[in-house]
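Engineer: return atomic coordinates for the entry below.
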Amino acid sequence: MSGDSSAPLDEQFAFAVSKLQAVDEPWESLSYLSQAPNPPPRTQSIQLEAVAESIASLNRLSDAVSKAALLSANEELDEIPTPSLKYLLLPYLLARVHAQVQGEPHERHAELVQSRRYLSEFFEKADRLRMLSERERDAALDDTPIHSVTPAERRDVKIARFKAEKEATRKLAVLRENAGAADADDDETERELVLTVVQNAVRKSLDMLDSTNQELEVLRFAVRQIEKGVDPREKAERARPKGPPPGLGGLPATFRIVSEKEKMKESVFRPSHSLPTYTVEEWGQIEMERAIKLEKEKKEKDIVEAKRKEEEDSDGDEAVDRETMEKREWDNWTDEHNKGSGNTIR
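Structural biologist: Sure thing, here's the model as predicted:
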């Protein structure tokens, strides 16, 4: 495997993929197409060097593919030979590796702009070869601002892409198994496998385009702030509250999160029963204060009950006196008026 521009294109492709996967997330189907070995574990020092190597190797491969005229602008998808189909992925791979470059806001902005250019090139090739569905074509080639798309619509699109990508992953596993079991001349299975990888890359690139556009908006704002002499990072640091969040006044500034495993280790040599949290003297003092409080509450309750009963007795005597007076008045009236004396009709 070599990065030499005079090496066969398949070797250059495998070399470029190995460099890409040293800085990007592993992609099993891409490794299968290139037959590239697994990359070494990534570290910060390796990644900085590997990004530059990956960009250089992909650019050399793109130039070699163009000189060999393997992907003519006049060819239909059916006319492209199966071994050449994997080179359709080159703009997408360049977009991915440019998106890995970090730096100051203006540097990061420039790399993402370049990444988006490669994504546009990839979409245009896929559209020319009629590999985009109508919905994918609208999302890839439409310049509608992301703010005009509602969160619900964006969520539905992401769910649909996720389901399609999951189905493509299952299909690729079956195709790889069939390709391994089939004869070396079985071009149909290999072609279907490569096309499935390319179509899956289209869906991945649509998600990548969304995230790139959102990050570019943030970076444009950051660059404008820096041009005005304001560092957004320092401004955010000054605005960050120094104390604990509201409602967590008792929370220390620094604390340690104890895992469940550590809790179990600490409790191994503890007694199986709950240990007392008070001394005998402290518990006696608590019981005495509780008894005094109960006695005081009982006395207050007795006083209130006595007053209520006294008021009820007073109300009862008044009622008896009122009833007695009413009976006396009735007796006096009957004494003064004989029975039937008021009847004038006889």
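Engineer: so where is this structure shaky, pLDDT-wise?
Structural biologist: Scanning the chain for pLDDT under 70 picks out the ranges 1-6, 21-47, 142-149, 179-185, 232-256, 258, 267-273, 275, 313-317, 340-346.
Engineer: show me the domain layout of it.
Structural biologist: 69-239, 299-331 (automatic domain parsing).
Engineer: of all those, which one is nearest K293?
Structural biologist: domain 299-331 (10.9 Å; C-beta to C-beta). Heads up, the C-betas are built off the backbone N, CA and C, glycines and all.
Engineer: relative to the whole chain's centre, how far out is that closest one?
Structural biologist: Centre-to-centre, domain 299-331 and its host chain are 74 Å apart (C-alpha atoms, centre = their mean, to the nearest Å).
Engineer: repeat that for stretch 102-120.
Structural biologist: Distance, centroid of stretch 102-120 to centroid of chain: 24 Å (C-alpha atoms, centre = their mean).
Engineer: among the domains of the chain, show me which one is buried the most.
Structural biologist: Compared across these, domain 69-239 shows the largest average neighbour count, a mean of 15 (mean count of other C-beta atoms under 10 Å).
Engineer: related to what we said a few turns ago, now the domains of the chain as JSON lines including distance to T277?
Structural biologist: Converted to JSON lines, the domains of the chain look like this (distance: least, C-beta to C-beta, whole Å):
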{"stretch": "domain 69-239", "distance to T277": "43"}
{"stretch": "domain 299-331", "distance to T277": "32"}
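Engineer: among those domains, which is nearest E281?
Structural biologist: Proximity to E281 (C-beta to C-beta) singles out domain 299-331 among these, at 27.6 Å.
Engineer: picking up where we left off before, which one of the domains of the chain lies closest to V17?
Structural biologist: domain 69-239 (7.6 Å).
Engineer: re earlier: closest one to E11 among the domains of the chain?
Structural biologist: domain 69-239 (12.9 Å).
Engineer: quick one: the strands in the protein?
Structural biologist: Assigned by DSSP state E, the chain shows no strands.
Engineer: show me where this structure has helices.
Structural biologist: For the chain, the helices defined by DSSP state H cover 9-21, 28-34, 44-68, 82-85, 90-99, 105-128, 134-141, 151-181, 187-227, 232-239, 260-266, 280-336.
Engineer: gap between the fourth one and the chain center?
Structural biologist: Taking the mean of its C-alpha atoms, helix 82-85 sits 38 Å from the chain's own mean (C-alpha atoms, centre = their mean).
Engineer: do the same with the fifth one
Structural biologist: If you compare the mean C-alpha spot of helix 90-99 with that of the full chain, they lie 25 Å apart, counting by C-alpha atoms, centre = their mean.
Engineer: what about the closest residue to P83 other than its chain neighbours, distance to T196?
Structural biologist: Spatial nearest neighbour of P83, excluding adjacent residues (C-beta to C-beta, 6 or more residues apart in numbering): D10 at 7.6 Å. For D10, the distance to T196 (C-beta to C-beta, to the nearest Å) stands at 20 Å.
Engineer: circling back to that earlier point, make CSV from the helices of the chain and add distance to N74 to it.
Structural biologist: Formatted as CSV, those follow (distance: least, C-beta to C-beta, whole Å):
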stretch, distance to N74
helix 9-21, 21
helix 28-34, 25
helix 44-68, 14
helix 82-85, 14
helix 90-99, 19
helix 105-128, 10
helix 134-141, 21
helix 151-181, 29
helix 187-227, 19
helix 232-239, 48
helix 260-266, 64
helix 280-336, 93
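Engineer: looking at those, which is nearest to S274?
Structural biologist: helix 280-336 (14.5 Å).
Engineer: where's the closest one relative to the chain centroid, distance-wise?
Structural biologist: 67 Å.
Engineer: who does that helix touch, helix- and strand-wise?
Structural biologist: Counting contacts by 3 or more C-beta pairs under 8 Å, 6 or more residues apart in numbering; DSSP states H and E, helix 280-336 is packed against no other helix or strand.
Engineer: number of nearby residues for the closest residue to Y87 other than its chain neighbours?
Structural biologist: Excluding its sequence neighbours, the residue lying closest to Y87 (C-beta to C-beta, 6+ apart) is V65, at 4.9 Å. Neighbour count of V65, defined by other C-beta atoms under 10 Å: 18.
Engineer: quick one, what contacts V65?
Structural biologist: 9, 71, 87, 90 (C-beta atoms under 8 Å, 6 or more residues apart in numbering).
Engineer: A52: which of the domains of the chain is closest?
Structural biologist: Closest to A52 of the domains of the chain is domain 69-239 (C-beta to C-beta; 9.0 Å).
Engineer: and that closest one, how far out from the chain middle?
Structural biologist: The answer for domain 69-239 is 21 Å, by C-alpha atoms, centre = their mean.
Engineer: phi, psi for N74 please.
Structural biologist: phi -100, psi -10 (degrees, to the nearest 10).
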